[in-house]
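Chemist: When you get a sec, could you give me coordinates for this:
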Amino acid sequence: MALIIAAMLVQGVGGTADLPGIGVAQAHAQERRRSLLDLLFRGRPEPQPQVRTAPQTESRRRVIKKSTRSSRSPVSAPAPAPPVQEVEKADNAQVILVVGDFTASGLAQGLEEAFADVSTIRIESRANGSSGFVRDDYYDWPGSIGPIVEEVKPALVVMMIGSNDRQAMQVNGTTEKVRTDAWDKEYVARINRFAKIVRDSGTPMIWVGGPPFRFKSMSADILAFNDFYRTAVEAVGGSFVDIWDGFVDQNGTFVLSGSDINGQTVRLRNSDGISFTNAGKRKLAFYVERQVRQMFGATAAPLQAGLAPESFTIMRLPPLRSETDMERIDPIPLADPELDGGMALLGDINAPEVEPAGNNPLQAKSVRKRLIEDGIPPPAKPGRVNDFEWPASGG
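Modeler: I've put the predicted structure just below:
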């Protein structure tokens with residue numbers, strides 16, 4: 001018995017402890033295969049070839065490390081809104097002419113997106129990115145707008161300019177610095193000349209104010225320009241659209257990012273602090289879009305664009321009736337004797353009872369007829385709520 005225990009102890013020491021590469025399951029399987037006689041007479045078994053396997057904990061660490069790397073991927077931006085379904089423009093679509101500098105180009109891009117699903121409105125851009133009112137030797141807007149309007153024949157002119165005008169200007173052969181009295185006077189004269197030409201063409205006009213910029217001095221000049229534009233366009237019966245508050249924070253400070261037309265925070269301006277991103281251009285057009293839809297009414301609605309011309313008559317309201325065709329009824333006074341055939345109102349309990357002609361009971365009026373025709377209620381019964389007689393006093 002002692003020999004058996006000793007053999008088992010030898011096997012327990014050498015069978016698993018001396019073979020670190022063999023797993024616990026392999027060692028147990030080897031012990032089951034050896035019988036008691038093998039332990040007594042054959043001694044220790046020959047060592048089996050070792051199979052080196054990676055520890056299980058190391059494998060788990062590698063898997064965890066891999067999943068950790070994948071979880072550190074940057075957070076993706078929210079998916080952009082699906083593009084508006086564009087429709088083919090009608091042959092008789094009304095044209096909105098957009099003119100001005102590079103800000104007008106961005107405005108035109110935003111308006112094209114805004115009215116992409118409206119077949120009755122088409123955007124025509126004639127903006128010149130480097131133009132302005134100062135360098136009329138490079139591009140003369142008062143001298144060019146007349147031929148452009150005559151060629152395009154727009155239903156509306158939208159103007160946005162001023163970002164390139166912060167420079168010296170030649171006035172009567174003299175170079176004037178920005179915002180001097182002579183500079184302001186000449187600048188306003190050129191603005192008024194442009195607005196008058198558009199008005200004389202009979203075309204409505206919307207003038208879009210300049211936006212804020214990253215540079216404070218530039219923003220200050222643009223604010224002054226906006227006052228010039230507002231005065232000029234309103235003098236000729238046009239509309240001024242102020243977009244300033246859409247590109248500043250609650251303190252009136254310039255911002256690169258802000259709310260788009262859907263209320264999501266996005267990048268509105270590029271890193272130069274001057275140009276607009278696509279979201280900024282769409283927001284820029286949002287302010288003008290509201291004015292256009294008010295001016296054009298149902299024509300600017302996608303629903304109207306999808307209706308056939310033969311359906312228009314169904315949508316028209318009947319003509320208003322003239323004053324002569326209206327039948328008027330004079331008010332009837334309460335004391336009118338034609339109301340019920342008498343001067344007393346219905347229910348007058350003080351009205352005298354009308355006795356029937358003669359004493360024939362067949363000719364007497366019923367209680368119902370006396371109430372309806374004569375307004376005489378039935379006599380009160382003792383104990384009923386309409387019995388107002390005092391009981392006779394006793395003794």
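Chemist: where exactly do the helices run in this protein?
Modeler: Ranges of helices within the chain are 2-12, 24-33, 36-41, 56-71, 102-114, 141-152, 181-200, 216-235, 278-296, 302-305, 367-373, based on DSSP state H.
Chemist: Least reliable of those by average pLDDT, please.
Modeler: Among the helices of the chain, helix 56-71 has the lowest mean pLDDT, at a mean of 42.
Chemist: how is the protein carved up into domains?
Modeler: Annotated domains of the chain cover 1-45, 94-310, 334-380 [automatic domain parsing].
Chemist: which ones are touching residue 195?
Modeler: Neighbouring residues of residue 195 by C-beta atoms under 8 Å, 6 or more residues apart in numbering: 205, 207, 232-233, 235-236, 238. Yep, even glycine has a C-beta here, placed from its N, CA and C like the rest.
Chemist: Repeat the analysis, applying 6 Å as the threshold.
Modeler: 232-233, 236 (C-beta atoms under 6 Å, 6 or more residues apart in numbering).
Chemist: Next: residue 190.
Modeler: 133, 142.
Chemist: Next: residue 236.
Modeler: Residue 236 touches 195, 199, counting by C-beta under 6 Å, 6+ apart.
Chemist: From residue 293, how far out is it?
Modeler: 22 Å (C-beta to C-beta, to the nearest Å).
Chemist: quick one, strands of the stretch 251-395 of the chain?
Modeler: Counting by DSSP state E, counting those that start in this stretch, the segments of the stretch 251-395 of the chain that form strands are 257-259, 265-267.
Chemist: Just checking: what are the partner strands of the last one?
Modeler: Yep, that's strand 265-267 we're talking about. strand 257-259 (antiparallel) (DSSP bridges).
Chemist: what's next to the strand it pairs with, contact-wise?
Modeler: Here strand 257-259 makes contact (C-beta under 6 Å, 6+ apart) with 265, 267-268.
Chemist: what does stretch 208-221 give?
Modeler: So stretch 208-221 is contacted by 160, 162, 166, 222, 225-226, 241-243, 247-248, 254, 273-274 (C-beta under 6 Å, 6+ apart).
Chemist: contact partners of stretch 99-106?
Modeler: 98, 126-127, 129, 131, 159-161, 163-164, 276, 281.
Chemist: now these as CSV including neighbour count and distance to residue 174?
Modeler: Conversion of these to CSV gives the following (neighbours: other C-beta atoms under 10 Å; distance: C-beta to C-beta, whole Å):
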residue, neighbour count, distance to residue 174
98, 28, 34
126, 19, 31
127, 22, 30
129, 13, 28
131, 23, 23
159, 26, 28
160, 28, 29
161, 25, 24
163, 24, 25
164, 20, 21
276, 23, 36
281, 22, 38
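Chemist: ok, of these, which one's closest to residue 197?
Modeler: Within the contacts of stretch 99-106, the smallest distance to residue 197 is 11.4 Å, found for residue 159 (C-beta to C-beta).
Chemist: Any figure for the gap between that closest one and residue 141?
Modeler: 9 Å.
Chemist: again, but for residue 134
Modeler: From residue 134 over to residue 141 (counting by C-beta to C-beta), the distance is 11 Å.
Chemist: And residue 96, by the same measure?
Modeler: Distance from residue 96 to residue 141, by C-beta to C-beta: 18 Å.
Chemist: of those two, who's got more company?
Modeler: Of the pair residue 96 and residue 141, residue 96 is the one with more neighbours under other C-beta atoms under 10 Å, namely 26 against 22.
Chemist: So what's the residue count around the spatially closest residue to that one that is not a sequence neighbour?
Modeler: Nearest non-adjacent residue to residue 96, counting by C-beta to C-beta, 6 or more residues apart in numbering: residue 156, 4.9 Å away. Using other C-beta under 10 Å, residue 156 has 21 other residues around it.
Chemist: right, and residue 156 touches residue 207 too?
Modeler: No: with contact defined as C-beta atoms under 6 Å, residue 156 does not count as touching residue 207 (11.6 Å).
Chemist: Which members of the contacts of stretch 99-106 occur in strands, if any?
Modeler: 98, 159-160 (DSSP state E).
Chemist: possible to save those residues as TSV with distance to residue 191 and pLDDT?
Modeler: Shown next, in TSV, are the ones in strands among the contacts of stretch 99-106 (distance: C-beta to C-beta, whole Å; pLDDT from 0 to 100):
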residue	distance to residue 191	pLDDT
98	17	98
159	10	98
160	13	98
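Chemist: Among the residues you listed, which one sits closest to residue 172?
Modeler: Nearest to residue 172 among the ones in strands among the contacts of stretch 99-106, counting by C-beta to C-beta, is residue 159 at 26.0 Å.
Chemist: Run through the bridge partners of that closest one.
Modeler: residue 99, residue 207.
Chemist: any idea how far residue 245 lies from residue 170?
Modeler: On the measure of C-beta to C-beta, residue 245 and residue 170 end up 35 Å apart.
Chemist: so what's residue 268 up against?
Modeler: Applying C-beta under 6 Å, 6+ apart, the residues near residue 268 are 258, 277, 279-280.
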